[in-house]
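Novice: how does the following fold in three dimensions:
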Amino acid sequence: MKKIAIVLLSISLLFGGFSTAPVQAETLNETIPKVESMSISMEVSDTRLYRVGETIHSTIYYNKLGWSGTLTLFAVMPEPGNANYYRAAYKGTVFCSGNCIAPTSIQNEE
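Specialist: Modelled structure (predicted):
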């Protein structure tokens, strides 16, 4: 009789353990937050050199180190020491598209 009780207890524990495992796993999956896409942006400025007579664009496309977006012209000045060129300054908001280098790294490169 003891052997039968031990066998039945072992079988019930064995099947009882398997029957609760999926419930626990499902509960854990529900508590993990799902992250949708994040939009990280920053303000940047950039300059371009144009020859005299060349069309200076009112906007340019910026794409450096994973940051991209459209910049708008905000100033045009003669290039110091070279009367044949103008320097155009642009600024605007760019967005991270994938893996991006930290903003301080971009500012140091310009």
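
Novice: distance of Leu71 relative to Tyr50?
Specialist: Separation of Leu71 from Tyr50 (CB to CB, to the nearest Å): 15 Å. C-beta coordinates here come from the backbone N, C-alpha and C atoms, glycine included.

Novice: neighbour-wise, which of these two wins?
Specialist: Regarding Leu71 and Tyr50, a neighbour count based on other CB atoms under 10 Å identifies Leu71 as having more, with 21 against 16.

Novice: so what strands line up beside the helix or strand containing the more buried one?
Specialist: Using DSSP states H and E, Leu71 maps to strand 67-78. Strand 67-78 has the following sheet partners, assigned by DSSP bridges: strand 59-64 (antiparallel), strand 85-96 (antiparallel).

Novice: columns mean pLDDT and mean neighbour count on top of the ones you listed, output as CSV?
Specialist: Formatted as CSV, these follow (pLDDT from 0 to 100; neighbours: other CB atoms under 10 Å):
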stretch, mean pLDDT, mean neighbour count
strand 59-64, 95, 14
strand 85-96, 96, 17
